[in-house]
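**Student:** Fold the following, please.
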Amino acid sequence: MLIIIFVLTIILIGMIVYRSRSVSNPEQVTINEIENIETYISDIYMWKEITNEALPIFDNINNANELWIWEVVKKNLEEFELDYQQIQDKGKEIFGEDFKKEFPKEGSQSFEYNGETQKYYPTETNLDNKEDRFLLNTIEKTDEGYKVEIIEYIEDYSKVIEGENIIIIENLNQEQIGQVSEQDSEQNIQDIVKRNIDKFSKKQIYLKQQDDKLYVEKVEN
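**Tutor:** Purely as a prediction, here's the structure:
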């Protein structure tokens, strides 16, 4: 049992160290900061087939694509029967006090309104076999928080070659950059992305830190 615990501890440490090394300038931020940034971006990173872009460009959160905004809210909900205020409150929780968008009371593509129950219900999300992914590239501290550069890529799980499930790594132009076996780890995929970094799209994300929480302010190419 002690041997198993020791091995698992070594694996966990290795994962944390690897994650920190995936950022070009880890000396400027702590491992805890990197993990918090990655978690927050994962919460707001969507699906291209639903919102057209997994993470759209905007200069202010209130100017961001509305479908993306409410899909982010839907993705982060734990309940499936909501009143109007619960949806609004979740938007503030994710995007901060500067978030001024008002959810349409008649419902939207993301939430259907039921007049009988006077409740809103998340709509069904149909996804394909391609998973939208990102990799942290650089993190710079700013006066208000962080400027984060991410590398965007796609993992295509639809391919089977000679009876083996294959993951195809694509850029956002649907160009195949590499492939791995489904048995390979995420580290193998990230290694391919980093070796071919110039073939992938990048975005700059400006995050504001307030009361130990992160909020996205703007996103640039």
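
**Student:** Tell me where the model's unsure across this structure.
**Tutor:** The chain contains residues with pLDDT under 70 at 1-27.

**Student:** How is it divided into domains?
**Tutor:** The chain resolves into domains spanning 26-49+127-220, 59-122 when parsed by automatic domain parsing.

**Student:** Please identify which helix or strand holds Lys105.
**Tutor:** No secondary structure element spans Lys105, as it lies outside all helices and strands (assigned by DSSP states H and E).

**Student:** Tell me, how many residues neighbour the closest residue to Asp59 other than its chain neighbours?
**Tutor:** Spatially, and ignoring its direct neighbours in sequence, Asp59 is nearest to Lys218 (5.1 Å; CB to CB, 6 or more residues apart in numbering). C-beta here means a position set from N, CA and C on the backbone, and glycine is covered the same way. Applying the criterion other CB atoms under 10 Å, we find 16 residues in the vicinity of Lys218.

**Student:** dump the residue contacts of Lys218.
**Tutor:** Lys218 is in contact with 58-61, 205-206, counting by CB atoms under 8 Å, 6 or more residues apart in numbering.

**Student:** Would you mind checking those for buried ones?
**Tutor:** By the neighbour-count criterion of 16 or more other CB atoms under 10 Å, the contacts of Lys218 include these buried positions: 58, 61, 205-206.

**Student:** Rebuild these as CSV, extending it with secondary structure.
**Tutor:** Listed next are these as CSV, based on DSSP: H, G, I helix; E, B strand; the rest coil:
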residue, secondary structure
Phe58, strand
Ile61, helix
Ile205, strand
Tyr206, strand
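
**Student:** Just give me the closest of the contacts of Lys218 to Thr142.
**Tutor:** Out of those, the one with the shortest distance to Thr142 is Tyr206. That distance is 7.3 Å, counting by CB to CB.

**Student:** Dig out what the closest one forms beta bridges with.
**Tutor:** Beta-bridge pairing of Tyr206, defined through DSSP bridges, involves Lys147, Lys218.

**Student:** give me every residue that touches Glu217.
**Tutor:** 60-61, 98, 144-145, 206-208.

**Student:** what about the strands in the protein?
**Tutor:** Listed in chain order, the strands of the chain (DSSP state E) span residues 111-114, 119-122, 130-141, 145-161, 164-170, 176-181, 201-210, 213-220.

**Student:** Which neighbouring elements make contact with the second one?
**Tutor:** Translated: strand 119-122. Using 3 or more CB pairs under 8 Å, 6 or more residues apart in numbering; DSSP states H and E as the contact criterion, the elements in contact with strand 119-122 are strand 111-114.

**Student:** do the same with the longest one
**Tutor:** Using 3+ CB pairs under 8 Å, 6+ apart as the contact definition, the elements that strand 145-161 packs against are helix 31-44, strand 130-141, strand 164-170, helix 186-195, strand 201-210, strand 213-220.

**Student:** How far off centre is it?
**Tutor:** 9 Å (CA atoms, centre = their mean, to the nearest Å).
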